[in-house]
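> I would like the atomic coordinates for the input below:
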Amino acid sequence: MSDAPGARTGPGGSDAPRPLRVVQGIASLDPSGGGPPAVAVSLAAALASAGAEVTLAHATAEQGRARVAALIESTPGAEALKVVHGPLQAVLGGAEGGPPDIVHLHGFWEPWTFAAARAARGRAPYVLAPHGMFHPWSLRQKRLKKQVALRLGYGGVLRRAALLHALNRPEKEFLLKYEPRLNVTVIPNGVFPEALRSPLPVGSFRAGCPGLGDAPMVLFLSRLHHGKGLDILVDAMRLVIAELPAAKLVVVGPDAGYESTLRESVARHGLEGSVLVVGPKFGHDKLAALGDADCFCLPSRQEGFSIAITEALGSGVPCVVSDASNFPEVGEVGAGFVTSLDPRDVAEGILKVLRGDRRQMGDAGRRLVAERFTWPAVAQQTLAAYHNLVLHR
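You can find the predicted model right below:
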């Protein structure tokens, strides 16, 4: 058998290497739940395109299955995946071709993920990607419940992982602060650049959004959740509108418990004509919103590695993001501005974008994504980590 990293015996015990067998697992693939579902599908598809045999396991509730089908259909290379609905135990036996070499789980607090990690023990090394769930802000949410869960078994799931997949250096530091002996590597998220090309003409989103017209458009594209900083953004827009009365904020995304609070705030400040809440957009409709935006803004209180920011950059939209979003590259390459969570700083960043050279900023964002944050490149980093685990198993 070859001594090359990750080499595996082929059919009949021959020395011909066989593809790495990988299971990607996540509790829900419903894209209305945020970024991790899109990450799991995209990484799985990119790994398959790079030559791995990939099974994607999930337990999405029935009401989200149509959105899952659309997500998979729209992901380049996903046709090569074997998609299984149900518990991870259903795919660990490896009825077709043998058991997996690696199990890669996305998320942390979900009971499905807990059960999947326990099922993988002794069968295959598992990689765990918490997706920012160990950020201090996240740990403060339902703090007591999480502390109890860590003591009752979830801490063991973390410690027994062969590898922790952090999305950026701050997340690695948060994980090591919890347990210094963890094996943690940093692999970012990415995008498929070809999937960011909208077939819809420029202006189609504006045409379908009453009250928008050709106004300067600030786009928020994420879940409507307190953690995403919509309260900060509304306060910032009050300052922006004071200087640019025509500016509009367009809020795109599924409600995650904050929409009623947002609408109350908008009404209280008399911003009904300036803040347009349009609900979730997926696929080509989402790309149309990005294509018509003058500025993307996400003043989040916490992010792992935001797919929304990456897609905005890859679409050539200048970005204003909070420092808590952990995307310093936005400012470093001149693709927009990184601000504090102070609404005055956010407003200043937005005004700089709307009054600045947006084409230059947009081009810088596209270059950044093309050079560093594409799924094929991320897949190669991930495969290198897998091969290292298999070699030293």
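> Measure how buried the closest residue to V54 other than its chain neighbours is and give me the count.
The spatial neighbour of V54 that comes closest, neighbours along the chain excluded (CB to CB, 6 or more residues apart in numbering), is A48 at 4.5 Å. Placement of C-beta: from N, CA and C, glycine included. Neighbours of A48 under the rule other CB atoms under 10 Å: 23.
> After the helix or strand harbouring A48, which helix or strand is next?
Under the criterion of DSSP states H and E, A48 resides in helix 35-49. From helix 35-49 onward toward the C-terminus, using DSSP H and E, the following helix or strand is strand 53-58.
> Give the pairing partners of that next one; include direction for each.
Note on strand 53-58: by DSSP bridges, its sheet partners are strand 21-26 (parallel), strand 82-85 (parallel).
> Figure out which of those strands is closest to T374.
Closest approach to T374 among those (CB to CB): strand 21-26, 18.1 Å.
> same question for the closest one, mean pLDDT?
Mean pLDDT, computed over strand 21-26, is 94.
> centre of the chain versus it, how much separation?
17 Å (CA atoms, centre = their mean, to the nearest Å).
> then that strand to CSV, C-alphas only?
Output of strand 21-26 as CSV, limited to C-alpha atoms (Å, rounded to 0.1, in the frame of the first residue of the first chain):
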residue,chain,number,x,y,z
ARG,A,21,-15.1,8.3,2.2
VAL,A,22,-16.5,11.3,4.0
VAL,A,23,-19.8,11.9,5.8
GLN,A,24,-20.9,15.5,6.3
GLY,A,25,-23.6,15.7,9.0
ILE,A,26,-25.9,18.5,10.2
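> got any ranges where the stretch 151-300 of the chain has weak pLDDT?
For the stretch 151-300 of the chain, no stretch is flagged by pLDDT under 70.
> Going along the chain, name the strands of it.
In chain order, the stretch 151-300 of the chain shows strands spanning 163-166, 184-186, 217-221, 248-252, 275-279, 295-298, with DSSP state E, counting those that start in this stretch as the criterion.
> So for the shortest one, what gets flagged as buried?
By that I understand strand 184-186. V184 (16 or more other CB atoms under 10 Å).
> contacts for stretch 365-376?
Where contact means CB atoms under 8 Å, 6 or more residues apart in numbering, the residues beyond stretch 365-376 that reach it are 42-43, 45-46, 49-50, 188-193, 310, 312-319, 329-330, 333, 335-336.
> Inside helices: which ones of the residues you listed?
In helices, judged by DSSP state H, the following of the contacts of stretch 365-376 are found: S42, L43, A45, A46, S49, T310, A312, L313, G314, E329, V330.
> May I have the lengthiest helix in the chain as PDB, with CA atoms only?
In the chain, taking DSSP H as the definition, the longest helix is helix 375-391. Extracted C-alpha coordinates of helix 375-391, given in PDB (Å, rounded to 0.1, in the frame of the first residue of the first chain):
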ATOM      1  CA  TRP A 375     -15.100  26.400  -2.100                       C
ATOM      2  CA  PRO A 376     -12.600  24.500  -4.300                       C
ATOM      3  CA  ALA A 377      -9.700  26.100  -2.300                       C
ATOM      4  CA  VAL A 378     -11.500  25.400   1.000                       C
ATOM      5  CA  ALA A 379     -12.000  21.800  -0.100                       C
ATOM      6  CA  GLN A 380      -8.300  21.300  -0.700                       C
ATOM      7  CA  GLN A 381      -7.500  22.700   2.800                       C
ATOM      8  CA  THR A 382     -10.200  20.400   4.300                       C
ATOM      9  CA  LEU A 383      -8.900  17.300   2.400                       C
ATOM     10  CA  ALA A 384      -5.400  18.000   3.700                       C
ATOM     11  CA  ALA A 385      -6.700  18.000   7.300                       C
ATOM     12  CA  TYR A 386      -8.700  14.800   6.700                       C
ATOM     13  CA  HIS A 387      -5.600  13.000   5.200                       C
ATOM     14  CA  ASN A 388      -3.600  14.000   8.200                       C
ATOM     15  CA  LEU A 389      -6.200  12.500  10.600                       C
ATOM     16  CA  VAL A 390      -6.400   9.300   8.500                       C
ATOM     17  CA  LEU A 391      -2.600   8.900   8.400                       C
END
